[in-house]
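> Whatever this is, show me its structure:
(2 chains)
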Amino acid sequence: MTDFTKFDRRQVLKFGAAGAATLGAAPLIFSKNAWAETFRNDPGSKKSVTLGFNVPQTGAYADEGADELRAYKLAVKHLNGEGDGGMLNTFTPSTLKGNGILGKKVEFTTGDTQTKSDAARASAKRMIEKDGALMITGGSSSGVAVAVQGLCQESGIIFMAGLTHSNDTTGKDKRRYGFRHFFNAYMSGAALGPVLKKEYGTERRAYHLTADYTWGWTQEESMRKFTEEMGWETVAAVKTPVGAGDFSQYITPVLNSGADVLILNHYGKDMINSLTQAVQFGLRDKQVNGKNFEIVVPLFSRLMAQGAGDNIKGILGSTNWNWSLQDEGSKAFVKSFGAEYGNPPSMAAHTCYVQTLLYANACEQAGTFYPPEVIKSLEGFKFDGMGNGPTEYRAEDHQCFKDVLVVRGKQEPSSQFDLLEVVEVTPRAQVEYDAKIFGGELGPYKV
Amino acid sequence: MDAILIQILNGVDKGAAYALIALGLTLVFGTLGIVNFAHGALFMLGAFCSVTFNKLLTLSVKVKDEGVTLFEAFKEEPYLKIWFGDTGLAIIDYSVPLSILMAIPVMILVGYVMERGLIQHFYKRAHADQILVTFGLAIVLQEIVKATFGANPIPQPPPEIVAGSANVGLWLGLGESVVYPWWRLIYLVFSGAVIFAVFAFLQFTTYGMVVRAGMRDRETVGLLGINIEKRFTIVFALAAVVAGVAGVMYTPILPPDFHMGMDFLVLSFVVVVVGGMGSLGGAVAAGFLLGIVQSFASMNEVKEIFPGIDQIIIYLVAVAILLVRPRGLLGRTGVMED
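Numbers count the residues shown, from 1 in each chain, chains lettered A, B, ... in the order given. Just a heads-up that it's a prediction; the model follows:
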């Protein structure tokens, strides 16, 4: 039995100091791991962290999904300090060091969205619950983005959206755990409006063909807002089923409608088919109201433009990014991607690569993987060197604001990739709007 | 009046495509008793015969784009142009119609291999088994095409001379407001010719007479010492050719992708059922009927009264016809009723 009466002054001081140190350090120890028990898929003491890349690997957008996946793999490589570093060399302010995220090696798991909301949610759920993904990213459709974003909010997992252009993603369906780097339909309208006015004048009559789902509706709404504000009249706005294939029955009414502009609020295969068929019906050779008939495609993608062949020549549209940009960030990314895969990245690849780096940097800045802190780090984050000039992740709706490109199908391409020419780089200030106009609630930080 | 005329043209054109696919589908069902869910894939394979033929014609020298240093960018200069100048370019321009020459033997071979290698083993199995195996085959075929050509549609322009629109209104004395793409008119004539050829083959040749007899009563024809199985194999190959050439000629209208067969398959089955299972005339009639009905339902004036009607009208008409005529428009008693 210990005889406490035999402690001398020196021993008491020793134990006292040790006790005080322990008690003093205890709050720090507990606060360091305070988030560990409260968030899903905490990597804890593991040496790696897993990211979930949810892209269309089958279905109509499989090629775009493959390009997204290539970009993600390149981002992982650069984050882990392999390769030439790509945009890690141009991204400012950055705390990324090329040693993974917070010293942990980056690994990944993949899922197939099939460009279907239910399949995308199922694959995201699998990556979260079985593969331990700490962040989900990717996708090529707004329907998918909205669905996966909702799941991620419920699961307490951050979602860095891929290609999604509907206003709803960061509007009425925005979520605290969802972030979009890609531009949106409103920004397309705001960028295209002045160019259309300059090229085609203010007295025009527009006919809209619109894909009948969330993206199409918001794209039409935005194009109508900006074209009507500058004096154009909307003759008709017709909804078309997604994947209609043959659009002839929707195009023929345009012929004698009195419209002199056809706005195709279609993306992907629908855009390729409707544009090809509209050209075959002679719309581009027509003269109406004493003017040349024009076709406008508000959202252009180089990958998709390939499918339309010569029909895209001279057609105006907008895009989030193009490989031909000459800023340092774009050049660094195109160089890395080109060296790795032998072809330039698509705009979908660009946004996916940037999203991965932004998430990693936010974790580094927050000093933790704890989602509420990472979210706070992303909200209002201002950065540059990622390809679209100075950019800000707006805190109110998690929408990135940056310059937007207005492009035109090139008449004389110099190569198989040289399909779009940049007509104008629309400054960010011109495409900004009040976050309140689209409604929606971000929701809580803690779930 | 102009709008109605244009929608009739649209409907007939659309119906021609439905009828062509449904014709092969119902021919196979009528002869072999097989419900072939891979028939849409044959349409798609035909379309990709056209893509392959175009790629062969446009084999090129790659001229590097010196302005791009970050990856391999080049412009292509086809050998045919280098060797034969304008004549070479003219041959490339006509690649879609010329590719029929390639599609016919390829589709005969595909049809023959498909029937002998797989389908024949399912003749005596339940229709559900046939549907499963042919559907599986269709998925395999489309994944092979996707892996080879990618998922994006591939543009196949028509010959330059018929790339624009014809002034149909002037022909009919209605003014210049009714125009219609030349290639769609060509497709219409082509469909009519193929349908006529299939009917003539079955109606006016001895071979066709035996096939028709076999469709009616396979056992009796067999008892007469005729190898009806062999003839039916050739009928399957014929159906594959019909679907294939339909796919080839459709490529300028719809840039082909791996999924185009599935897009048409469901509608073609509706056409076959509405026309009457196994009835060739019924398939053609139902194809045109449903094509025209779908076009009219897509008119803005109709959609204003019945929003979304264009997406369901085919199925509504199918239900209505099957309620009045359960065997379809020209269906025979006893087919698919056991």
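
> Please make it C-alpha for all contacts and neighbour counts, starting now.
Noted.

> Enumerate every residue touching A:K97.
By C-alpha atoms under 8 Å, 6 or more residues apart in numbering or on different chains, A:K97 lies in contact with A:L79, A:G81.

> Tell me which residues are up against stretch B:285-296.
So stretch B:285-296 is in contact with A:249, B:4, B:7-8, B:10-19, B:22, B:268, B:271-272, B:274-275, B:302, B:310, B:313-314, B:317, B:329, going by C-alpha under 8 Å, 6+ apart.

> Revised request: answer the last question for stretch A:137-150.
Contacts for stretch A:137-150 (C-alpha under 8 Å, 6+ apart): A:51-56, A:61, A:64-65, A:68, A:113, A:115-118, A:120-121, A:124, A:159-166, A:168-169, A:173-175, A:177-178, A:213-215, A:348, A:352, A:355-356.

> Dump the C-alpha coordinates for it into CSV.
Output of stretch A:137-150 as CSV, limited to C-alpha atoms (Å, rounded to 0.1, in the frame of the first residue of the first chain):
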residue,chain,number,x,y,z
THR,A,137,-18.1,15.2,-57.3
GLY,A,138,-19.0,14.9,-61.0
GLY,A,139,-22.0,14.6,-63.3
SER,A,140,-23.2,15.9,-66.7
SER,A,141,-26.7,16.8,-66.1
SER,A,142,-28.6,19.2,-63.9
GLY,A,143,-31.2,16.6,-63.0
VAL,A,144,-28.4,14.4,-61.7
ALA,A,145,-26.7,17.3,-59.9
VAL,A,146,-29.9,18.3,-58.0
ALA,A,147,-30.6,14.7,-57.0
VAL,A,148,-27.1,13.9,-55.8
GLN,A,149,-26.7,17.3,-54.1
GLY,A,150,-29.8,16.5,-52.0
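
> give me the number of residues near A:E154?
Residues near A:E154, counting by other C-alpha atoms under 10 Å in any protein chain shown, number 12.

> What spatial separation is found between the closest residue in space to it that isn't next to it in sequence and A:A133?
Once flanking residues are discounted, A:E154 sits nearest to A:V447: 6.8 Å by C-alpha to C-alpha, 6 or more residues apart in numbering or on different chains. Distance of A:V447 to A:A133, computed by C-alpha to C-alpha, to the nearest Å: 17 Å.

> And for A:S301?
Noted for A:S301: a distance of 29 Å to A:A133, by C-alpha to C-alpha.

> Give the closest residue to A:T202 in space, chain neighbours not counted.
Spatial nearest neighbour of A:T202, excluding adjacent residues (C-alpha to C-alpha, 6+ apart): A:G231 at 5.3 Å.

> so who does the one you found touch?
Applying C-alpha under 8 Å, 6+ apart, one finds that A:G231 lies in contact with A:T202, A:E203, A:R204.

> quick one on the thing from earlier: more crowded one of A:V447 and A:A133?
Of the pair A:V447 and A:A133, A:A133 is the one with more neighbours under other C-alpha under 10 Å, namely 27 against 15.

> quick one: that one from A:G139, how far?
16 Å.

> which parts of the stretch 201-338 of chain B sit against chain A?
For the stretch 201-338 of chain B, the contact set with chain A under C-alpha under 8 Å from any C-alpha of the partner chain comprises B:I253, B:L254, B:P255, B:H259, B:D263, B:S295, B:F296, B:S298, B:M299, B:N300, B:Q311.

> Name only those of those residues that count as buried.
B:I253, B:L254, B:P255, B:H259, B:S295, B:F296, B:S298, B:M299, B:N300 (16 or more other C-alpha atoms under 10 Å in any protein chain shown).

> Which single one of those residues is nearest to B:G85?
Nearest to B:G85 among those, counting by C-alpha to C-alpha, is B:P255 at 27.0 Å.

> hang on, the earlier thing: let me know the helix or strand that the residue nearest to A:E154 is in.
Under DSSP states H and E, no helix or strand contains A:V447.

> Tell me the pLDDT of it.
Predicted confidence (pLDDT) for A:V447: 85.

> got it, and A:R9?
53.

> One more: the one 4 residues further on?
Per-residue confidence for A:L13 comes out at a pLDDT of 51.

> what secondary structure does the residue located most distally from the centre of chain B sit in?
Distance from the C-alpha centroid of chain B peaks at B:T69, with 44.0 Å (C-alpha atoms, centre = their mean). When classified by DSSP: H, G, I helix; E, B strand; the rest coil, B:T69 comes out as coil.

> From chain A, how far off is it?
Using C-alpha to the nearest C-alpha, to the nearest Å, B:T69 is found at 9 Å from chain A.

> Next up, the contacts around that residue.
Counted by C-alpha under 8 Å, 6+ apart, B:T69 has zero contacts.

> The helix or strand hosting A:D270 packs against which elements?
Element membership for A:D270, per DSSP H and E: helix A:269-280. Applying 3 or more C-alpha pairs under 8 Å, 6 or more residues apart in numbering or on different chains; DSSP states H and E, we find helix A:269-280 packed against helix A:248-255, strand A:261-265, helix A:302-308.

> just checking, which of the ones you listed comes out with the lowest mean pLDDT?
Per-stretch mean pLDDT for the helices and strands packed on helix A:269-280 is lowest at helix A:302-308 (a mean of 85).

> elements contacting it?
Using 3+ C-alpha pairs under 8 Å, 6+ apart, helix A:302-308 sits against helix A:269-280.

> touching chain B at all, the helix or strand following the helix it packs on?
Downstream of helix A:269-280, the next assigned helix or strand under DSSP H and E is strand A:287-288. No - Strand A:287-288 lies apart from chain B when judged by C-alpha under 8 Å from any C-alpha; the minimum separation is 11.3 Å.

> Sheet partners, orientation included, of strand A:287-288?
strand A:291-292 (antiparallel) (DSSP bridges).

> Please work out which residues outside the strand it pairs with touch it.
Contacts of strand A:291-292 (C-alpha under 8 Å, 6+ apart): A:D260, A:R284, A:D285, A:K286.

> before we move on, what about stretch B:310-324?
By C-alpha under 8 Å, 6+ apart, the residues outside stretch B:310-324 that reach it are A:P241, B:V270, B:V274, B:L290, B:V293, B:Q294, B:S295, B:A297, B:S298, B:K303, B:G328, B:L329.
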